[in-house]
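> let me see the structure of the following:
(chains A and B)
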Amino acid sequence: MGYKKKTITLAIVAILLAVLFIFYDLTGNINYILPRRIMKVVAIIITGGAIAFSTTIFMTITNNRILTPSIMGIDQLYVLTQTFIIFLFGSRSLVMMSSTLNYLISIIVMVVFALLFYRLLFRGERNNIYFLLLIGMILGTFFSSFTSFMQVLIDPNEFMIAQDKMFASINNINTDLVYVSIILLTGVVLYFIPYYKYLDVIALGQDHAINLGVPYHYVVKRLLIIVAVLISIATALIGPITFLGLLVVNIAHEFLKTYRHFYLILGSILISVIALLGGEFIVERVFTFQTTLSVIINFVGGIYFIYLLLKENKSW
Amino acid sequence: MKLRYLITVLIISALGSIFVGVISLKPTDLFHLTEEQLEVILISRLPRLVSILIAGASMSIAGLIMQQLSKNKFVSPTTAGTLDSARFGVLVSLMLFTSASAIQKIAISFFFALLGTFIFMKILEKIKFKDAVFIPLVGLMFGSIVDSLGTFFAYKNDLIQNMTSWLQGDFSMIMSGNYEILYIAIPTLIIAYLFANRFTIAGMGEDFAKNLGLNYRQVVNIGLMISALVTASVVLTVGVIPFLGLIIPNIVTIYQGDHLKNNLLHTALLGALFVLLCDIIGRVIIYPYEIPINLTVGVIGSAIFIYLLLRRRRYGL
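Below you'll find the model as predicted:
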């Protein structure tokens, strides 16, 4: 089976799952349940797509299969920014300010961080990948403990008001922001199209890409901005899921066995949607909420991550 | 930094910490204490101070020993899965015995901490290419796997809230009567001091150590047991305090060099001082409320760790 056929198969599975998710056991007040379920599916598709899309780009830029935006702690930064805004303005102003504005401010901060990260990535010495990983993971811890630190500082009452609105998790998907996210996502994709053609060449590595006439640094900077916006969208809707990107992009590579980015991106988006929808379905129906999907993904992802580390290390 | 400065600062802040708290207590009150104030000191403030000192000192020493044995400056209870395994052990003891006594809990938690550390050390042995930053990476990941396993079981048994309270390092619940198990750490620290030279030799590698007539396996096992026991007792009484064993020994190395036996005292004192200062900050910043210690240490500790990583060439870590 060629990679084109495989991609089509993935698309069919994803659609079937979405239909199953919406219509399975549809009893009770349909007018209430149906729109809610559709919103949830849309949010999951946007998030899964955004995570897979951004991780594929990020891995191509950094030229490896281990480093992902989430492992670098970027989604934790998003949560930190959100908290910081509430901390500065208080939840009363939050009600006036609308969560959309907060969302947009956070995205701007994320883009600035992406540009800083770009400098770290190309700092003098051709960087040691493990070093970047470790820095990223500790940054993630730093961001998340700083977030909890500030959450303690915020007046508990104010925090309760903010919590529901601001901090999404996989059990508490933030459907308020779905429409804004769709608009943003469309914008990002349109912005991305002119740079799409460079991706296959950038995958060859910095030196080759420059040699072949790619305006390397110019393109990479813009691609990192795209990654930052995509991660913001995903985190705003579902919250951080550290290992999802790592898993789905690597599965896409193994499954499709191609280096064409068109199919890689499409394939990993579909796999990501399948994983989230299928996983949510299993957690809701089979485990009946006795665990959460992110726990499972983190467990599987963590083991896979160690496997990748040791394999790359070629020590076994 | 001279030892006597360190001791002076530690004593001053220790005395100061006694007078920080919701019930007002001034140094001048010491001469005519009311009964209530005396009780506050004996039941809450002093135990808290003691537990801070022990936890800070012992966690730092545990990190120092692990670094010496693994020959890697970035190995510590946080980055070797020891902390997460100890926490998992506490969870298991809660699941098995609904009302486990402190001794049972600490035994099970100790067992798991030891098991986790051994598994990690086994993985280490398999890794031929020893990049200094590669190893903590594997360790952190190993810890997070153990952690998600714990969360999974906690979800199944409705223990998430219990679990979270073990995650939170917090001194505010320390009162006389519920922290004494922490004293276990003191004899282990003395053993650590007695074995210091042997740890140094063991750190030179298995072949070399055996050549010098050292019972290598035994020494390594003792070292790992000390750090597992210390970690288990701290997790059980206070909760998780991240990064302590990682940054304190490294800071001491930067100004003091690498002599283990000389560094032990410095590391213990600096660790105690660091936790004490973090605790005072946590108590003052949103007075009369408190910020749990693991958040203060987490923020400051991870920032220091990133700084150390970025500057490691310069300090030769």
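> so what's the closest residue to chain A within the stretch 201-317 of chain B up against?
Residue nearest to chain A within the stretch 201-317 of chain B: B:G298 (3.3 Å; C-beta to the nearest C-beta). Backbone N, C-alpha and C define where each C-beta goes, glycine included. Counting by C-beta atoms under 8 Å, 6 or more residues apart in numbering or on different chains, B:G298 touches A:T141, A:F142, A:S145, A:S148, A:F149, B:P242, B:F243.
> could you report the pLDDT at it?
pLDDT recorded at B:G298 is 88.
> going by secondary structure, it is in what exactly?
For B:G298, the enclosing helix or strand under DSSP states H and E is helix B:293-310.
> show me what the following helix or strand past that helix is packed up against.
Going down the chain from helix B:293-310, the next helix or strand is helix B:312-315, by DSSP H and E. On a contact count with 3 or more C-beta pairs under 8 Å, 6 or more residues apart in numbering or on different chains; DSSP states H and E, helix B:312-315 meets helix B:244-256.
> related to what we said a few turns ago, reformat the contacts of B:G298 as TSV; add distance to B:L182.
Putting these into TSV (distance: C-beta to C-beta, whole Å) gives the following:
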residue	distance to B:L182
A:T141	25
A:F142	28
A:S145	23
A:S148	25
A:F149	25
B:P242	18
B:F243	19
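> which one of those residues sits closest to A:Y216?
A:F142 (30.2 Å; C-beta to C-beta).
> report the contact partners of the nearest residue to that closest one once chain neighbours are set aside.
Excluding the flanking residues, the one nearest A:F142 by C-beta to C-beta, 6 or more residues apart in numbering or on different chains is B:S302, at 3.9 Å. In this structure, B:S302 makes contact with A:I138, A:L139, A:T141, A:F142, A:S145, B:P242, B:F243, judged by C-beta under 8 Å, 6+ apart.
> chain center to the host helix or strand of the fifth one, what's the gap?
Going back to what we said before, that points to A:S145. Using DSSP H and E, A:S145 falls within helix A:129-153. Chain-centre distance of helix A:129-153: 17 Å, with C-alpha atoms, centre = their mean, to the nearest Å.
> now the residue nearest to the spatial centre of chain B: how far from chain A?
In chain B, the centroid-proximal residue (C-alpha atoms, centre = their mean) is B:M59; its distance is 2.4 Å. From B:M59 across to chain A, the span is 17 Å (C-beta to the nearest C-beta, to the nearest Å).
> what is the burial count for the nearest residue to that residue once chain neighbours are set aside?
Spatial nearest neighbour of B:M59, excluding adjacent residues (C-beta to C-beta, 6+ apart): B:L244 at 4.3 Å. Look at B:L244: counted by other C-beta atoms under 10 Å in any protein chain shown, it has 31 neighbours.
> ok, B:L244 - contacts?
B:L244 makes contact with B:G56, B:M59, B:S60, B:G63, B:S76, B:P77, B:T78, B:G271, B:F274, B:V275, B:V297, B:G301, according to C-beta under 8 Å, 6+ apart.
> what is the nearest of those to B:I286?
Distances from B:I286 to the contacts of B:L244, taken by C-beta to C-beta, are shortest for B:V297, at 16.4 Å.
> the closest one - how many residues pack around it?
Neighbours of B:V297 using other C-beta under 10 Å come to 27.
> so which bits of the stretch 51-200 of chain A are right by chain B?
Contacts of the stretch 51-200 of chain A with chain B, taken as C-beta under 8 Å from any C-beta of the partner chain, map to A:128, A:130-131, A:133-135, A:137-139, A:141-142, A:145-146, A:148-149, A:152-153.
> tell me who's in contact with the closest residue to B:I247 other than its chain neighbours.
Of all residues not flanking B:I247 in the chain, B:I304 sits nearest, at 4.8 Å (C-beta to C-beta, 6+ apart). Going by C-beta under 8 Å, 6+ apart, B:I304 touches B:F243, B:I247, B:I251.
> now these as a markdown table including pLDDT, distance to A:F255 and neighbour count?
Shown next, in a markdown table, are these (pLDDT from 0 to 100; distance: C-beta to C-beta, whole Å; neighbours: other C-beta atoms under 10 Å in any protein chain shown):
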| residue | pLDDT | distance to A:F255 | neighbour count |
| --- | --- | --- | --- |
| B:F243 | 88 | 39 | 29 |
| B:I247 | 91 | 42 | 26 |
| B:I251 | 90 | 47 | 19 |
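> which of those residues lies closest to A:V109?
The closest of the contacts of B:I304, once distances to A:V109 are taken by C-beta to C-beta, is B:F243, at 25.5 Å.
> just after the host helix or strand of the residue nearest to the centre of chain B, pick out the following helix or strand.
For B:M59, the element it lies in under DSSP H and E is helix B:46-70. Using DSSP H and E, the helix or strand that follows helix B:46-70 in sequence is helix B:82-96.
> contacts for whichever helix or strand comes after that following helix next, please.
Downstream of helix B:82-96, the first helix or strand assigned by DSSP H and E is helix B:102-126. By C-beta under 8 Å, 6+ apart, the residues outside helix B:102-126 that reach it are A:306, A:310, A:315-316, B:66, B:70, B:80-90, B:92-94, B:96-97, B:100, B:135, B:138-139, B:142, B:146, B:181, B:184, B:224-225, B:227-229, B:231-233, B:235-236.
> just the buried members of these?
Among the contacts of helix B:102-126, those buried by neighbour count (16 or more other C-beta atoms under 10 Å in any protein chain shown) are A:306, A:310, B:66, B:70, B:80-90, B:92-94, B:100, B:135, B:138-139, B:142, B:146, B:181, B:184, B:224-225, B:227-229, B:231-233, B:235-236.
> give the contact list for the residue of the stretch 51-200 of chain A found nearest chain B.
Nearest residue of the stretch 51-200 of chain A to chain B, counting by C-beta to the nearest C-beta: A:S145, 3.3 Å away. For A:S145, the contacting residues are B:P242, B:N294, B:L295, B:G298, B:V299, B:S302, by C-beta under 8 Å, 6+ apart.
> contact residues of the stretch 1-150 of chain B facing chain A?
Contact residues (C-beta under 8 Å from any C-beta) of the stretch 1-150 of chain B with chain A: B:74, B:123, B:126-129, B:131, B:133-134, B:136-138, B:140-142, B:144-145, B:148-149.
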